[in-house]
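Chemist: Below are the sequence and a predicted model for it; my questions follow.
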Amino acid sequence: MSKNKMWLISHKFLFCLFLMTSTLLILSRLLSLRSTGGPYSLDSITFSSSNILTMAETENLDSSCYTNNQILKVFMYDLPPQFHFGLLGWKGVGPTVWPDIRSQQVPEYAGGLNLQHSIEYWLTLDLLNSEFSKNLSGRTAVRVRNSSEADVIFVPFFASISYNRYSKVKTRGSKKSINDLLQENLVSFLSAQEEWKKSGGKDHIVVAHHPNSLLYARMKLWPAIYILADFGRYPPTVANVEKDVIAPYKHLITSYVDDKSDFDSRKTLLHFQGSIYRKDGGIIRQELYYMLKNEKDVHFSFGSIQGDGISTASKGMHSSKFCLNIAGDTPSSNRLFDAIASHCVPVIISDDIELPFEDIINYSEFCIFVPSSDAVRENFLINLIRNISKEKWTRMWEKLKEVEHFFEFHYPSQENDAVQMIWRAILRKVPSIDRKIHKLGRFSRGVVSGESGLGSVSVPRNFW
């Protein structure tokens, strides 16, 4: 063989060897990146020990920057006390706006049914506490004093307690309720703020968890991110799952601590205690009552929190295998979160319900969903529940114990509790907020004071 041919063969061999080595190196690198989770793991760091949570999917590169390790920077307005803790009876000394939480002077929230919609109270306390807490472990949000450094702007108006306590109370000489006047003053305040004018309100966080809260202002503040219980009383152009955040209710029944029950020890098959006669979508409660009331292992009765109502409901749910969560006047109710705290497998009959944190929590692993049209078919529901095996129920019961802390409210807040989960849900909205604000500024020549207030924000098309 000639030297030229040998030279050519050796060079081809070396080239093939280089190509194969390079290909293997690239494949190895890709597999390595994939195994580390890449930029798509929003909550995988914290939740890797639980297969309840699925990895939140992202559709754009900028949202990959908002990982579970990032701190959400929140600017909170120093609104006068009558908008927040003053509604709970707290009175500051002198010009003080906030209670001194460092000295343990934390005003208590109103009791009873008021507690279920107390979301703004817990979020506000967490922001106040973030200024003094040295340990950021498990914390998602911190308060910043410069709004230009903030990811979002928090509006500390206790809208739910304002509705519950003051929607029928009028000031002397006024035909309007205190609740309505507070909303009007809130809208006037926000319309004058440079923060609102700069973003058109798109980076503002407004809590209106009670379905009847913020009835006047919601139509003025709709560009903001609402934190709600559901969308039942909102037009989809004003509030929707893409823009807003669904937060859990604060459960009222007693948590089932050190639960050693099992399938056999929970003697009641199916439990419901609450208002039976409701309007709108809640009419189904009445139909189910007449269908199930004579089943021997079903507890379906009227109940309220009056007297020992909470204690009775706690005992009943703690001793039941399944707990009904049926649509009422609105798609959601506190009963779902009472069931989770009781480790009683929820049976959800509410076609329009939106659930908290469903982008990262798979509720089908610990809840039974039944379409309303099927639930009212004769014997369908009771046969469905009776045919769920002991093994399947036990798996769901175990999952309930794994996820229950995601729906617990604490002060001080704890890692992965409901407060941190809400902040994290807001954090996942930040890329979308930024995109909207950047798009808004495409043709801006700078914000001129007085030109971009609420007066220029029109109600969206197809409002009704």
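Modeler: Arrived safely.

Chemist: and Gln273, that one's in a helix?
Modeler: No: counting by DSSP: H, G, I helix; E, B strand; the rest coil, Gln273 is not part of a helix but strand.

Chemist: and it, what are its bridge partners?
Modeler: Going by DSSP bridges, Gln273 is paired in beta bridges with Ser301.

Chemist: thinking it is in contact with Val298, fair?
Modeler: No: if you go by CB atoms under 8 Å, Gln273 and Val298 don't touch, sitting 11.5 Å apart. For the C-beta atoms, the positions are set from N, CA and C on the backbone; glycine is no exception.

Chemist: tell me the average confidence for the helix or strand hosting Asn129?
Modeler: Asn129 is part of helix 119-130 when elements are defined by DSSP states H and E. Confidence for helix 119-130, expressed as mean pLDDT, is 97.

Chemist: try stretch 339-352
Modeler: Averaged over stretch 339-352, pLDDT sits at 97.

Chemist: May I have the distance across it, first residue to last?
Modeler: Stretch 339-352 has an end-to-end distance of 19 Å (CA to CA, to the nearest Å).

Chemist: likewise stretch 167-174?
Modeler: Start-to-end span of stretch 167-174 (CA to CA) is 13 Å.

Chemist: swap in stretch 98-113?
Modeler: 25 Å.

Chemist: Touching, Phe132 and Arg102? I think so.
Modeler: Yes: using CB under 8 Å, Phe132 is in contact with Arg102, at 5.7 Å.

Chemist: on that earlier part again, in the helix holding Asn129, which of the residues would be classed as buried?
Modeler: Within helix 119-130, the residues that count as buried by 16 or more other CB atoms under 10 Å are 119-130.

Chemist: residues contacting the residue most central in space within the chain?
Modeler: Nearest to the geometric centre of the chain sits Ala247, at 2.6 Å (CA atoms, centre = their mean). Contacts for Ala247 (CB atoms under 8 Å, 6 or more residues apart in numbering) come out as 119, 207, 209, 227-229, 356, 418, 422, 425.

Chemist: Tell me where the model's unsure across the stretch 1-150 of the chain.
Modeler: In the predicted model, the stretch 1-150 of the chain carries pLDDT under 70 at residues 1-69.

Chemist: Strands of that one, start to end?
Modeler: Listed in chain order, the strands of the stretch 1-150 of the chain (DSSP state E, counting those that start in this stretch) span 72-76, 141-143.

Chemist: Relative to Ile310, which of those is closest?
Modeler: Judged by CB to CB, the one of the strands of the stretch 1-150 of the chain that comes nearest to Ile310 is strand 141-143, at 30.9 Å.

Chemist: ok, the next helix or strand after that closest one: who's next to it in the sheet?
Modeler: Note on strand 141-143: by DSSP H and E, the next helix or strand toward the C-terminus is strand 152-155. Note on strand 152-155: by DSSP bridges, its sheet partners are strand 72-76 (parallel), strand 204-207 (parallel).

Chemist: name the helices or strands packed onto the helix or strand following the shortest one?
Modeler: Using DSSP H and E, the helix or strand that follows strand 204-207 in sequence is strand 225-228. In terms of contacts (3 or more CB pairs under 8 Å, 6 or more residues apart in numbering; DSSP states H and E), strand 225-228 is packed against helix 119-130, strand 204-207, strand 245-246, helix 418-427.

Chemist: same thing but 7 Å
Modeler: For strand 225-228, the contact count by 3 or more CB pairs under 7 Å, 6 or more residues apart in numbering; DSSP states H and E identifies strand 204-207, strand 245-246 as packing neighbours.

Chemist: Most tightly packed of the ones you listed?
Modeler: Comparing the helices and strands packed on strand 225-228 by mean neighbour count (mean count of other CB atoms under 10 Å), strand 204-207 ranks first with a mean of 26.

Chemist: what separates it from the chain centre, distance-wise?
Modeler: 13 Å (CA atoms, centre = their mean, to the nearest Å).

Chemist: can you count the residues close to Tyr290?
Modeler: 10 (other CB atoms under 10 Å).

Chemist: Kindly provide the distance from it to Lys243.
Modeler: Note on Tyr290: its distance to Lys243, by CB to CB, to the nearest Å, is 40 Å.

Chemist: go on, Gln116?
Modeler: Separation of Gln116 from Lys243 (CB to CB): 24 Å.

Chemist: And Thr237, by the same measure?
Modeler: If you go by CB to CB, the gap between Thr237 and Lys243 works out to 10 Å.

Chemist: More neighbours: those two, which one.
Modeler: Lys243 (19 against 14).

Chemist: Let me see the contact set for that one.
Modeler: With contact taken as CB atoms under 7 Å, 6 or more residues apart in numbering, Lys243 is in contact with Ile225.

Chemist: quick one: contacts for Trp423?
Modeler: Contacts of Trp423 by CB under 7 Å, 6+ apart are 72, 140-141.

Chemist: Among these, which one sits closest to Ser199?
Modeler: Leu72 (15.9 Å).

Chemist: shouldn't that closest one be in contact with Ala141?
Modeler: Yes: in this structure, Leu72 is within contact of Ala141 by CB atoms under 7 Å, at 4.3 Å.

Chemist: Of the two, which one has the most company?
Modeler: Ala141 (25 against 20).

Chemist: ok, that one - contacts?
Modeler: Contact analysis of Ala141 by CB under 7 Å, 6+ apart lists 72, 74, 126-127, 130, 423.

Chemist: Could you check how far it is from Thr237?
Modeler: From Ala141 to Thr237 the distance is 28 Å (CB to CB).

Chemist: again, but for Trp90
Modeler: Counting by CB to CB, the gap from Trp90 to Thr237 is 37 Å.

Chemist: related to what we said a few turns ago, including distance to Gly173, could the strands of the stretch 1-150 of the chain go into a markdown table?
Modeler: As requested, the strands of the stretch 1-150 of the chain are exported to a markdown table (distance: least, CB to CB, whole Å):
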| stretch | distance to Gly173 |
| --- | --- |
| strand 72-76 | 33 |
| strand 141-143 | 38 |
